[in-house]
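Colleague: Give me the fold of what follows.
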Amino acid sequence: MKKYIILAVFIAASSVFGITNGVQLGVTAYPGILFDNKFDPGYSGTSFDAAYTIAVDVWRFEAGLSFAQSPIGWQVMLPLRAGIAVGISPAFGSEFFLEGAPGAALSRPLLAMYAFGAEARFVWHALPRFDVIAALGVRYTACPLYNGSTGVSYAVLDVPAGMSVRFGW
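Modeller: Alright, predicted model coming up:
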C-alpha cells in the first residue's frame, strides 16, 4: 500500500510542478582523439542507449543504460546526466548536458570503468510527444585496471555523435 501512496504523490507532484517524463532510445558512435593519453585518432566503438528523462521546467535529468562495443570488448555504462533545455522555436530546441557514468568492461574478470563528459543536442519536436535528437559531445572514458596486449591501461577521449528518439508522456 505504501508504494501506491508514493506513486500517487509523485504523479500529483508531476502535474503540479510541471514535471514531464520520457524514454529515450538511441545509437552513438565514438570517434576517438586520444588513446592512453596520446594523440591517436581512431574509432572507439558504438553504443546502444536507453535513458529515462525527467524534465522540470528547463532542467533535464536522465538516468540510463548504455551497452557498447569498444576496443577492449563489450562494456556496460550507467550514464547520469543533468542539463538545461533552450527553446529555439516551437518545433526546435537544444539541450546541454553534463554526464558522469560508472560502468564495467565485460571481460574476465569484470573491470570497473568510468566516464565523464559534456553533450550538446539539437532537438526536433516532430510530434507532441515524440522528439528526434542529434547529439555531439566530448567524453573521457577510463578503465584503469585494464592491461591489454600493449601493457597500457584503457583511457580514451572521444567525440561522441548520436541519434535518438524520445517518447514522452
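
Colleague: now that we're looking at Thr46, how far away is Val56 from it?
Modeller: In this view, Thr46 and Val56 are 31 Å apart by C-beta to C-beta, to the nearest Å. For the C-beta atoms, the positions are set from N, CA and C on the backbone; glycine is no exception.

Colleague: Between those two, which has more neighbouring residues?
Modeller: Taking neighbours as other C-beta atoms under 10 Å, Thr46 and Val56 compare with Thr46 leading, 15 against 12.

Colleague: what comes up buried for the helix or strand harbouring that one?
Modeller: Assigned by DSSP states H and E, Thr46 belongs to strand 38-56. Residues 44-45, 47, 49, 51, 53, 55 are the ones in strand 38-56 that count as buried (16 or more other C-beta atoms under 10 Å).

Colleague: Dig out what Gly22 forms beta bridges with.
Modeller: Thr53, Gly168 (DSSP bridges).

Colleague: thinking it is in contact with Arg60, fair?
Modeller: No - Gly22 is not in contact with Arg60 according to C-beta atoms under 8 Å; the separation is 9.5 Å.

Colleague: Compute the number of surrounding residues for the nearest residue to Phe92 once chain neighbours are set aside.
Modeller: The shortest distance from Phe92 to any residue other than its chain neighbours is 5.9 Å, reached at Trp124 (C-beta to C-beta, 6 or more residues apart in numbering). Trp124 has 13 neighbours, counted by other C-beta under 10 Å.

Colleague: give the contact list for Trp124.
Modeller: Neighbouring residues of Trp124 by C-beta atoms under 8 Å, 6 or more residues apart in numbering: 91-92, 131-133.

Colleague: how does it look with 7 Å?
Modeller: Contact analysis of Trp124 by C-beta atoms under 7 Å, 6 or more residues apart in numbering lists 91-92, 131-132.
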